[in-house]
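> Quick one, structure for this:
(one chain, ligands or ions: 2)
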Amino acid sequence: MRQINVSIPGRAYDIFIQPGLLNDTGAQMRALLPHIAKVLLVTDSNVAPLYAQRVEKSLTDQCFAVKTAVIAAGERSKNAGELLRLWNEAAAFGMNRTDAVVALGGGVVGDLAGFAAATFLRGVPYIQIPTTLLAQVDSSVGGKVAIDLPAGKNLAGAFWQPKLVLIDPDTLKTLPDDVFSDGMAEVIKYGCIRSEGFFRFLEACGDRKSIMEHIGHVLHTCCAIKAEIVEEDEWDTGMRMLLNFGHTLGHAYEAAYHYTTYTHGQAVAAGMVDACRIGERLGKTAEGTTEQVSQLCAAFGLPTHIDCSKEDYASAIGVDKKGTGDSIRLIVLSEIGASQAVQMEKSALLELV
Ligand SMILES: NC(=O)c1ccc[n+]([C@@H]2O[C@H](COP(=O)([O-])OP(=O)(O)OC[C@H]3O[C@@H](n4cnc5c(N)ncnc54)[C@H](O)[C@@H]3O)[C@@H](O)[C@H]2O)c1
Ligand SMILES: [Zn+2]
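Ligands and ions are numbered 1, 2, ... in the order given. From the prediction side, this is the model:
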């Protein structure tokens, strides 16, 4: 069993990574949270038929009373209506503050169920069981939970750390290729911002099959990097912004195509390549970095360029959550494995894209 402790004072928790761990959900939770009686298990319509029964059985074997709430798969479920439905389900189930929510699914389930847990009865414990690559390396760790509003993604949310993250890499076997690639963008991001050695390892792997042969190492490395950054900056006021590498322009692509044509990971991949290109032009990024990031993204089926009009860039940068006044912080690489924030005028960035 691989284990990473996220050492946030007063809110520390473990991430466990182990094939077959789904079957141990109940035992892991019982060991950590002996007083919990009821579990609201939140999952989605794709994940439920694959994995919900095993998790339910594992929980009931440990004498938890379980109620399962299934949301429709997809980003569109990350909304206020579904949040209200989960609150009502929790209330009808008679949950109290010592009961728990379990999120079994990708980032959509994790963000929605996590926000329900953060707000029901002013906060109940929750456990993340991420089942997509993106959720296993990114969204299940760090405590950011949210729903989307018509005005934009993740606009209502909270910081609410889970009590435990249980990662069963076997669940990745059922992921469609495009969803797997999507998660690879975030995996590559960790190498870019923090570890040249990991970046070279990913280059050597080169495809999904090889990544899966080393999945324990991949998940452990990514979660350890994320945990380290979150420990330093739980509330996202400094260091955590490095995780936004590729996301400033990535968000522009997602928005320009109305969140339909390109997935988050595809947009981030193109955004990482852009950030390197801009960094090289500014003299902040070692020459040749763009080419290396571009090749690695391409190896995993990710786009390295997305067309976008100046107007779409402008509107995306105007509402970017990192934007302060008329300037913006762009995350660039000094070289593979080392990143920094560069403050620049939004107008200057627009000239460079
Ligand atoms: N909280 C954070 O820090 C954070 C970070 C990054 C992203 N996010 C959020 O995460 C969401 C994206 O997450 P995602 O990419 O996991 O999307 P997702 O939850 O929509 O999952 C993608 C698809 O895979 C399916 N699926 C999930 N697990 C499966 C499995 N094991 N086998 C087969 N199919 C499976 C889902 O049903 C869905 O259709 C976005 O809403 C984004 O805002 C949050
Ligand atoms: Zn992302």
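
> Would you mark the buried spots in the one helix or strand residue 84 maps to?
Counting by DSSP states H and E, the element that carries residue 84 is helix 80-92. Across helix 80-92, burial judged by 16 or more other CB atoms under 10 Å covers 82, 83, 85, 86, 89, 90. For the C-beta atoms, the positions are set from N, CA and C on the backbone; glycine is no exception.

> The helix or strand of the chain with the lowest mean pLDDT: how far from the chain's middle?
None of the helices or strands of the chain scores lower by mean pLDDT, DSSP states H and E than helix 310-318, at a mean of 83. Between the centre of helix 310-318 and the centre of its chain there are 24 Å (CA atoms, centre = their mean, to the nearest Å).

> repeat for stretch 2-18
Distance of stretch 2-18 from the chain centroid (CA atoms, centre = their mean) equals 16 Å.

> okay if I get the buried residues of helix 80-92 as JSON lines plus distance to residue 352 and pLDDT?
Formatted as JSON lines, these follow (distance: CB to CB, whole Å; pLDDT from 0 to 100):
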{"residue": "82", "distance to residue 352": "39", "pLDDT": "98"}
{"residue": "83", "distance to residue 352": "39", "pLDDT": "98"}
{"residue": "85", "distance to residue 352": "44", "pLDDT": "98"}
{"residue": "86", "distance to residue 352": "43", "pLDDT": "98"}
{"residue": "89", "distance to residue 352": "48", "pLDDT": "98"}
{"residue": "90", "distance to residue 352": "48", "pLDDT": "98"}
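
> mean confidence for the helix or strand where residue 129 lies?
Residue 129 belongs to strand 126-130 when assigned by DSSP H and E. For strand 126-130, mean pLDDT rounds to 98.

> Is whatever helix or strand comes next after that strand in proximity to ligand 1?
Per DSSP H and E, the first helix or strand lying C-terminal to strand 126-130 is helix 133-134. Yes. Helix 133-134 is in contact with ligand 1 by CB under 6 Å from any ligand atom, via residue 134.

> Contacts for helix 133-134 next, please.
Contact with helix 133-134 is made by 106-107, 172, 175, 179-180, 182-184, 186-187, 264-265, as judged by CB atoms under 8 Å, 6 or more residues apart in numbering.

> Which pair of the residues you listed spans the longest distance?
The span of these, defined through CB to CB, is set by 172 and 264 at 17.1 Å.

> Can you sort out which of the contacts of helix 133-134 also neighbour ligand 1?
Near ligand 1, by the rule CB under 6 Å from any ligand atom, you find 106, 107, 175, 179, 182 out of the contacts of helix 133-134.

> Which residue ranges make up the domains of the protein?
For the chain, whose domains are defined here by automatic domain parsing, the residue ranges read 2-174, 177-352.

> distance between the last one and the chain's centre?
With CA atoms, centre = their mean as the basis, the distance from the averaged C-alpha position of domain 177-352 to the chain average is 13 Å.

> Just the endpoints, please. Distance across it?
Domain 177-352 has an end-to-end distance of 33 Å (criterion: CA to CA, to the nearest Å).

> Equivalent analysis for stretch 229-240, please.
Stretch 229-240 has its terminal residues 6 Å apart, counting by CA to CA.

> Let me know the distance separating the spatially most central residue of the chain from residue 149.
With distances taken as CA atoms, centre = their mean, residue 139 lies nearest the centre of the chain, 2.4 Å away. As judged by CB to CB, to the nearest Å, residue 139 and residue 149 stand 18 Å apart.

> Which residue is the nearest non-sequential neighbour of the residue nearest to the centre of the chain?
Leaving aside its sequence neighbours, residue 139 sits nearest to residue 107 (CB to CB, 6 or more residues apart in numbering; 3.7 Å).

> how deep is that neighbour tucked in, by neighbour count?
Number of residues near residue 107 (other CB atoms under 10 Å) recorded here: 24.

> same deal with residue 209?
By other CB under 10 Å, the residues close to residue 209 number 8.

> Regarding it, what is its secondary structure?
Using DSSP: H, G, I helix; E, B strand; the rest coil, the secondary structure recorded for residue 209 is helix.

> Residue 284 too?
Strictly by three-state DSSP, residue 284 counts as coil.

> hmm, who's touching the helix holding residue 84?
When contacts are defined by CB under 8 Å, 6+ apart, helix 80-92 is touched by residues 40, 42, 67, 69, 71, 101, 112-113, 115-116, 119-120, 124, 147, 149, 156.

> Could you confirm residue 31 falls within a strand?
No. Residue 31 sits outside any strand when classified using three-state DSSP, being helix.

> That one and ligand 1, how far apart?
To ligand 1, residue 31 is 25 Å away according to CB to the nearest ligand atom, to the nearest Å.

> ditto for residue 159
As defined by CB to the nearest ligand atom, residue 159 lies at a distance of 10 Å from ligand 1.

> What of residue 198?
Distance, residue 198 to ligand 1, using CB to the nearest ligand atom: 19 Å.

> Helix or strand: which one has that residue?
Short version, using DSSP H and E: residue 198 is in helix 196-205.

> In contact with residue 200: list those residues for me.
Counting by CB under 8 Å, 6+ apart, residue 200 has contacts residue 191.
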